[in-house]
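[1] Starting from these lines, generate the structure:
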Amino acid sequence: MSIQEEINKADAVVIGAGAGLSTAAGFTYSGLRFYKYFSDFAKKYGIQDMYSGGFYPYEDLETFWAWWSRAIYINRYLDAPKNTYGVLYDLVKDKDYFVLTTNVDHQFQKHGFDKQRLFYTQGDYGLFQSSNPTIMKTYDNKEIIEKMLEAQGFIKVNGIYEVPQTPLKMRIPTELIPYCPDDGLPMNTNLRCDDTFVEDAGWHAACKRYNDFIDHHQQGRVLYLELGVGMNTPIIIKYPFWKMTKANPQARYISINKGEAYAPAEIASQSLCINDDILHALGGE
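    A predicted model of the protein is given here:
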């Protein structure tokens, strides 16, 4: 049975999305895409990809934010190179669905998914938080991110910041370092990488909506559609999906993950594992 047929038969679809989905949309963190925006950082610091560059101990906040403003802009505010999320939306838009994702790039909302049906567990590139996690608030960052890019020399062409022919600056002006308006401390990205991650009111509201959806669909023809989820944080999506599939004889589990699609023997008869590119598997081009 095809993915489309499984979706059509389902009473409800629970989508679990990991990094592999955004990779299938063209959001790669290394190779040409990395070197287009970070060749200077690669040369100076020996950084080889955007993921590891986010953990590099830069010598000052001016350099830290030069790096992060580029990473945030291209992974949050630019459109994905491929329409993988759009193809997925077309498949489920008329179904009773909910999305649980560890991705932080905002692509679900950019492709039409209802915000009330999304739960971003690990944060959002588009949000800052105070470095003091007792301030349980987040702050939109687009305006300050664009100012940081302009200060480094990026040129805006047809609404998009492009890399100029001349070398970019690798530091932002000190006056652009973001500070929290509530406690005056330096800001940080709202990304879960340690125990200082802020779960604000919006995060808790989305968590409640997701749990209510799961509680309401414990029985019946529920499709757990897992896309690009590896073994980095399996306790968020993969293990719960396996457990819920096993608990409901009518449930179906589909895993699409190139080279890593797998289902345990206990739910093998309810599962479809597809080791293919997600865009191709969903019927896109």
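
[2] For residue 130, see how far away the residue nearest in space to the middle of the chain is.
    The residue lying closest to the centre of the chain (Cα atoms, centre = their mean) is residue 103, at 1.9 Å. From residue 103 over to residue 130 the distance is 23 Å, taken as Cβ to Cβ, to the nearest Å. Just so you know, the C-beta spots here come from the backbone N, C-alpha and C atoms, and that holds for glycine as well.

[3] cool, and residue 168?
    Distance from residue 168 to residue 130, counting by Cβ to Cβ: 28 Å.

[4] Out of these two, name the residue with the larger neighbour count.
    residue 130 (25 against 17; other Cβ atoms under 10 Å).

[5] On the three-state scheme, the closest residue in space to residue 87 that isn't next to it in sequence is what?
    Nearest in space to residue 87, with sequence neighbours left out and distances taken as Cβ to Cβ, 6 or more residues apart in numbering, is residue 284 at 3.8 Å. Reducing the assignment at residue 284 to three states with DSSP: H, G, I helix; E, B strand; the rest coil gives coil.

[6] Please, where are all the helices along the stretch 151-285 of the chain?
    According to DSSP state H, counting those that start in this stretch, the stretch 151-285 of the chain carries its helices in the segments 201-216, 238-247, 278-281.

[7] which of these is buried the deepest?
    helix 278-281 (a mean of 20; mean count of other Cβ atoms under 10 Å).

[8] re the thing from before, nearest to residue 62, of the helices of the stretch 151-285 of the chain?
    Residue 62 lies closest, by Cβ to Cβ, to one member of the helices of the stretch 151-285 of the chain: helix 201-216, at 29.7 Å.

[9] dump the residue contacts of the residue nearest to residue 18 when sequence neighbours are not counted.
    Spatial nearest neighbour of residue 18, chain neighbours left out: residue 229 (3.6 Å); criterion: Cβ to Cβ, 6+ apart. Counting by Cβ atoms under 8 Å, 6 or more residues apart in numbering, residue 229 makes contact with 16-18, 20, 102, 237-238, 255, 257.

[10] From these, pick the one nearest residue 191.
    Ranked by distance to residue 191 (Cβ to Cβ), those are led by residue 102 at 10.6 Å.

[11] what's the burial count for the nearest residue in space to the closest one that is not next to it in sequence?
    Excluding the flanking residues, the one nearest residue 102 by Cβ to Cβ, 6+ apart is residue 122, at 4.8 Å. By other Cβ under 10 Å, the residues close to residue 122 number 16.
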